[in-house]
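S.K.: Here is the input, now give the coordinates:
(2 chains, ligands or ions: 2)
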Amino acid sequence: MKKLINRQAGPVGRWALGLLPFVILAVLYLVASDARLDANPNDKLLPSLSSFSEAIERMAFEPSKRSGEYTLLVDTLASLQRLAIGVVISAMIGLVVGIATGSLPLFRAGISPLVTGMSLVPPLAILPILFIIFGLGELAKVMLIIIGITPFLIRDLQQRAEEIPTEQIIKMQTLGANTWQIITRLVWPQIMPRLLSSVRLSLGSAWLFLIAAEAIAATEGLGYRIFLVRRYLAMDVILPYVAWITFLAFALDFALKRYSQWRYPWFHGAQ
Amino acid sequence: MAAIEIKNLWKEYGQDVVLERLNASVEEGEFVTVVGASGCGKTTFLKMMLGTESPTRGELLLDGKPIPDEPDETRGIVFQRYSVLPHLTAVDNVMLAGELASSRWLGRVFGGKRRALREQAEEMLASVGLDHALSKYPHELSGGMQQRLALAQALIKKPRILLLDEPFGALDPGIRRDMHELVLDLWRKQDLTVFMITHDLAEGFFLGTRMWVFDKERLDPQTPGSYGARITYDLPVGNSDKGTLQSITQSVDSTARVLGA
Ligand SMILES: Nc1ncnc2c1ncn2[C@@H]1O[C@H](COP(=O)(O)OP(=O)(O)O)[C@@H](O)[C@H]1O
Ligand SMILES: [Mg+2]
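M.R.: Ligands and ions are numbered 1, 2, ... in the order given. Got it, this is the predicted structure:
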């Protein structure tokens, strides 16, 4: 028999091994939930499968009695809209500032210290300031996402721009390029796929800031809903919402990855 | 007047003297091969020609004027690696120079102009034997094909001086021979002045019109940086005998041992 360090799972084995922890967790949950409900039928901590499906039915497929809208849909659209606006604005700022500081030494000297300083401020600590300045509306929530992820994006993209081999920048000049052309024909196209991977990395934080902002001040949204029903210990709503948020995060990440592979084959092929 | 004049040129990095007292003049259309131990300053010399490094003493003149201190279209270059742009296909890489010249702001052209540029680029690619790989990205090309592409990209701009820094050092010997023929052929057709660095001494004896050996005349094994390399041999190609090759090889090898230690 081979040493453990040399043993690989086959294609079927890999799936089976990957699924195993999920199955174990599900079984453990069901056993624990049954035990608790046996002891106390009104227990709310570990709801049974049937209460989950009732909660999902109520939140996703029936119009709300109060507003006549589908709660999950309204929450999802509100959250995704905030997330998208925040991330797109951050990405655009990151792209422009990152390219400028990454490829122009004079810009770097002027702006980098400020960005480094800003990236050290914990964004959640300034959330109250945002609410004071921008009020409790949409703007404050989007601003939190922007303030939370833009410094990271700027610094990451600056680094990526600096990593472009000097040979290529020299090459462009020997082909007659001026600074603007070096940026538009070399730096920008090479940074785009890297922007997508930086955005993928920052999405986790973006969700964090979104949910935090919604928890404090909102009238709809996925984060708002979770924190609202927490008051009633409604685990049957919270857990499906968490699963849904996880799925959305996964789907966004997957879509960005696939888009990048399709749009920038040279980037993924050369790696 | 010679196209390039080198007058008492020095290059130092702090305490370390890399090159000292270089003197030479090069006519339009010469093909100079530069050989020497690794670390003796060949690339440094090329960087001064390119304008990314400046001499610490002396003069480096192009047509009687100091050579511009940043890269521009008078001097084309092919490096050992990273010479072509990975995000452009072969034909786009070669069209780039033309696009940059005709559109200062966008750096892109469309329509008839684009078709004309593309035709020229295809012709150029055919002359380096890449007519079958027009729409391939560099990562889909072998090392030899990437360097052919780099040559095509540099030459379509018709630079006065072409600088080659061990362009074929990473290629297999057979392919390297093909590439040498290609370079000689392009040089004859285009009237270029070429400087080509190679680490293979024997190569320098057969390529082009002139060979320079960069070597340290004085060498202090404890502090190899206290004296710089000079042009110790400046030979016309084709006139040198076996004995010269041997004595150059010995001298360069002993320098290489000190620099490599
Ligand atoms: N930017 C630099 N700063 C300090 N020393 C350098 C720098 N660039 C090159 N050198 C030194 O100059 C010497 C010559 O380097 P190089 O021209 O690359 O040699 P070659 O191309 O002949 O192998 C080396 O000892 C190298 O360490
Ligand atoms: Mg070198």
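
S.K.: so where do the helices sit in the chain?
M.R.: Using chain A. A:11-39, A:49-56, A:71-103, A:105-120, A:127-134, A:138-163, A:166-174, A:179-182, A:188-216, A:222-229, A:235-263, A:265-270 (DSSP state H).

S.K.: actually it's chain B I care about, not the one you picked
M.R.: Read by DSSP H, chain B holds these helices, from start to end of the chain: B:42-50, B:90-102, B:111-127, B:143-155, B:173-190, B:201-206, B:242-260.

S.K.: In a markdown table, list those along with mean pLDDT and mean neighbour count.
M.R.: The C-beta positions use only the backbone N, C-alpha and C, and glycine is treated the same way. Output for those, formatted as a markdown table (pLDDT from 0 to 100; neighbours: other CB atoms under 10 Å in any protein chain shown):
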| stretch | mean pLDDT | mean neighbour count |
| --- | --- | --- |
| helix B:42-50 | 95 | 22 |
| helix B:90-102 | 95 | 23 |
| helix B:111-127 | 93 | 15 |
| helix B:143-155 | 93 | 24 |
| helix B:173-190 | 86 | 15 |
| helix B:201-206 | 78 | 18 |
| helix B:242-260 | 78 | 15 |
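
S.K.: Make JSON lines from these and add distance to residue A:184 to it.
M.R.: What follows is those, written out as JSON lines (distance: least, CB to CB, whole Å):
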{"stretch": "helix B:42-50", "distance to residue A:184": "23"}
{"stretch": "helix B:90-102", "distance to residue A:184": "10"}
{"stretch": "helix B:111-127", "distance to residue A:184": "17"}
{"stretch": "helix B:143-155", "distance to residue A:184": "18"}
{"stretch": "helix B:173-190", "distance to residue A:184": "29"}
{"stretch": "helix B:201-206", "distance to residue A:184": "39"}
{"stretch": "helix B:242-260", "distance to residue A:184": "42"}
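
S.K.: Which residues of the stretch 51-200 of chain A lie near chain B?
M.R.: Within the stretch 51-200 of chain A, the positions lying close to chain B (CB under 8 Å from any CB of the partner chain) are A:165, A:167-168, A:170-178, A:180-181, A:184-186, A:189-190.

S.K.: Can I have the buried ones of those residues as a ChimeraX selection?
M.R.: Selecting only the buried members of those in ChimeraX, with burial defined as 16 or more other CB atoms under 10 Å in any protein chain shown, works like this:
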select /A:167,168,170,171,172,173,174,175,176,177,181,184,185,186,189,190
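
S.K.: tell me the pLDDT at residue B:32?
M.R.: In this model, residue B:32 is scored at 94, pLDDT.

S.K.: Contacts only, for residue A:177.
M.R.: The contact partners of residue A:177, taken as CB atoms under 8 Å, 6 or more residues apart in numbering or on different chains, are A:185-186, B:100, B:107.

S.K.: thinking again about what came up before, just so I know, which of the helices of chain A lies nearest ligand 1?
M.R.: Proximity of the helices of chain A to ligand 1 was assessed by CB to the nearest ligand atom; the nearest stretch is helix A:166-174, lying at 11.4 Å.

S.K.: helices or strands up against that closest one?
M.R.: Counting by 3 or more CB pairs under 8 Å, 6 or more residues apart in numbering or on different chains; DSSP states H and E, the packing neighbours recorded for helix A:166-174 are helix A:179-182, strand B:75-78.
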